[in-house]
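> Everything below, folded, please.
(chains A and B)
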Amino acid sequence: MNLNATLFAQLIVFFILAWFTMKFVWPPIMKALDERAGKIADGLAAADRAKTDLALAEKKATDELRKARESAAEFRSGAEKQAAQLLEEARNEATRIVSAAREAAEAEAGVAAQRAKEALRDQVAQLAVAGAEKILRKEINVQVHAELLTQLKSEL
Amino acid sequence: MASGTEEHALTAGDYIVHHLTHLTSTGHKQASVIDWTVINVDTLFWSIGMGLLAVFLLARAARNATSGVPGRFQAAVEILVEMVETQSKSIVHGDRSFIAPVALTVFMWVLFMNAMDFLPVDLLPNIGAMLGFHYQRVVPTADLNGTLGMSIGVLLLCLYYNIKVKGLGGWVHELFTAPFGNHPLLYPVNFAMQLIEFTAKTVSHGMRLFGNMYAGELVFMLIALMGSTATVGGFLGHVVAGSIWAIFHILIVVLQAFIFMMLTLVYIGQAHESH
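Below is the predicted model:
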């Protein structure tokens, strides 16, 4: 263990190596480390954000589903109501048509009956007159009893 | 000058001494304890080599660094950088744009230099001997020059940040008023204490690493001596003790590198704090 000029040489080497490290080694490594730390922090933040986004989306989807279900139910009940109404209307219409037809038929039948009655009345009157003529030809003068016969005819 | 083949004819003491002799710029063993005209070429070669390898690996990771999914190599370097960044942040309160890289460099560099201890103690010296270098020590941190060189570097950083953070006046004021208080009679005592503190910090910083690695290297040599007896007992002893010590040394290598880095941060951190 002797001391000599090696000491000073070593001293200079010490500073040269330290300077080199400061200049070319330390900054790029620290930069890479800091950048990676930043990236990791960003990634974690993104993951957190994604998690909240997912929860939000799920909630939104549930809401939408519920809303769709509600509106579908609304639709269905509306359609049912409308169908019932249409049915009711159709039934009313049918009833109306049927009764109108019945009325028309009844009216027609009434008119026909009236006409038949009238025709019958005429024929009965003629028959009666013919019968009476035959009887009266034997007993009674036509002109004498014509007024009586007319009165009779109107009473029929 | 002993070559590799002659070593076995030497005594155990000669073997150890030979392995503890540096390859100096003069080619001879340094005579006096302190001689500023001599340079340990082996220490410098391996410390620069390990330093370049360390910063090359780091620079490669840095150049390919992406903020995407990292590969294994990038992830390993990132773990290291994050460790240093966390430690420096908790210790140094101020601008760390140079201090944190210093800590990273120190850790990697010392770790790599310490790891030279894992190589068989005779491998590189013998290769060197074939190439004509008769002495070689391959663990730069087992050389006091290497570790004190770094700890003095840390001291200079401490002085620089003392002045930068507190201003020259503020620092001088602190030198004379801390730790005992602001009184003219206490100025010399305070200043003496500050000098002792800086000296003790720097010397212990360098000496701690040096002592650990030197002792570790020495134990490896003693274990290698066992194997060099070329007996069954020596062989088994070498294998068992060598394995145990190498495994234990993994802890020491990493721990000492970590301690050196932490003390670097602590001392520079103290320079940022006012008493």
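
> low-scoring stretches of the chain, by residue?
Answering for chain A, as no chain was given. Within chain A, the ranges that satisfy pLDDT under 70 run A:1, A:140-142, A:144.

> other chain: chain B
Scanning chain B with the threshold set as pLDDT under 70 gives B:1-9, B:275.

> How many residues are close by the closest residue to chain A within it?
Nearest to chain A, among the residues of chain B, is B:Gly149, at 2.7 Å (Cβ to the nearest Cβ). Bear in mind the C-beta positions are built from the backbone N, C-alpha and C, glycine included. A count of nearby residues for B:Gly149, using other Cβ atoms under 10 Å in any protein chain shown, gives 25.

> same thing with A:Glu74?
Going by other Cβ under 10 Å, the residues that sit close to A:Glu74 add up to 10.

> who touches B:Trp36 in this structure?
Residues in contact with B:Trp36 (Cβ atoms under 8 Å, 6 or more residues apart in numbering or on different chains) are A:Asn4, A:Ala5.

> Next one: it relative to A:Phe8, how far apart?
Applying Cβ to Cβ, to the nearest Å, the value for B:Trp36 to A:Phe8 is 8 Å.

> so the residue nearest to the residue of chain B closest to chain A when sequence neighbours are not counted is in which element?
On the basis of Cβ to Cβ, 6 or more residues apart in numbering or on different chains, the spatially nearest residue to B:Gly149 that is not a chain neighbour turns out to be A:Gln10, at 2.7 Å. When secondary structure is defined using DSSP states H and E, the element that contains A:Gln10 is helix A:6-20.

> Would you map the helices across chain A?
Ranges of helices within chain A are A:6-20, A:26-139, A:142-155, based on DSSP state H.

> Work out for me the element B:Leu44 sits within.
Counting by DSSP H and E, B:Leu44 is part of helix B:41-63.

> I'd like the next helix or strand past that helix.
Secondary structure here is assigned by DSSP H and E; on that basis, the next helix or strand after helix B:41-63 toward the C-terminus is helix B:72-91.

> Using CSV, list the CA coordinates for that following helix.
Backbone C-alpha positions of helix B:72-91 (Å, rounded to 0.1, in the frame of the first residue of the first chain) are rendered in CSV as follows:
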residue,chain,number,x,y,z
ARG,B,72,-34.5,-7.7,-19.4
PHE,B,73,-31.3,-5.7,-19.8
GLN,B,74,-33.1,-2.4,-19.8
ALA,B,75,-35.2,-3.4,-16.9
ALA,B,76,-32.1,-4.4,-14.9
VAL,B,77,-30.5,-1.0,-15.6
GLU,B,78,-33.7,0.7,-14.8
ILE,B,79,-33.9,-1.1,-11.4
LEU,B,80,-30.4,0.2,-10.7
VAL,B,81,-31.2,3.7,-11.8
GLU,B,82,-34.4,3.8,-9.8
MET,B,83,-32.5,2.5,-6.7
VAL,B,84,-29.9,5.2,-7.1
GLU,B,85,-32.5,7.8,-7.8
THR,B,86,-34.5,6.9,-4.7
GLN,B,87,-31.5,6.9,-2.4
SER,B,88,-30.2,10.2,-3.8
LYS,B,89,-33.6,11.8,-3.4
SER,B,90,-33.9,10.8,0.2
ILE,B,91,-30.3,11.9,1.1
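
> What angle do helix B:41-63 and that helix make with each other?
Here helix B:72-91 runs at 100 degrees with respect to helix B:41-63, directions being taken by axes from the mean of the first three to the mean of the last three Cα atoms, to 10 degrees.

> For the very next helix or strand once past helix B:72-91, name the packing helices and strands.
Remark: after helix B:72-91, the chain's next helix or strand is helix B:99-115, criterion DSSP H and E. The contact analysis (3 or more Cβ pairs under 8 Å, 6 or more residues apart in numbering or on different chains; DSSP states H and E) places helix B:99-115 against helix A:6-20, helix A:26-139, helix B:41-63, helix B:72-91, helix B:144-177, helix B:232-272.

> how many other residues sit next to the closest residue to B:Ile163 other than its chain neighbours?
Across the structure, with Cβ to Cβ, 6+ apart as the measure, the residue nearest B:Ile163 apart from its sequence neighbours is B:Trp171 (5.4 Å). If you count neighbours by other Cβ under 10 Å, B:Trp171 ends up with 18.
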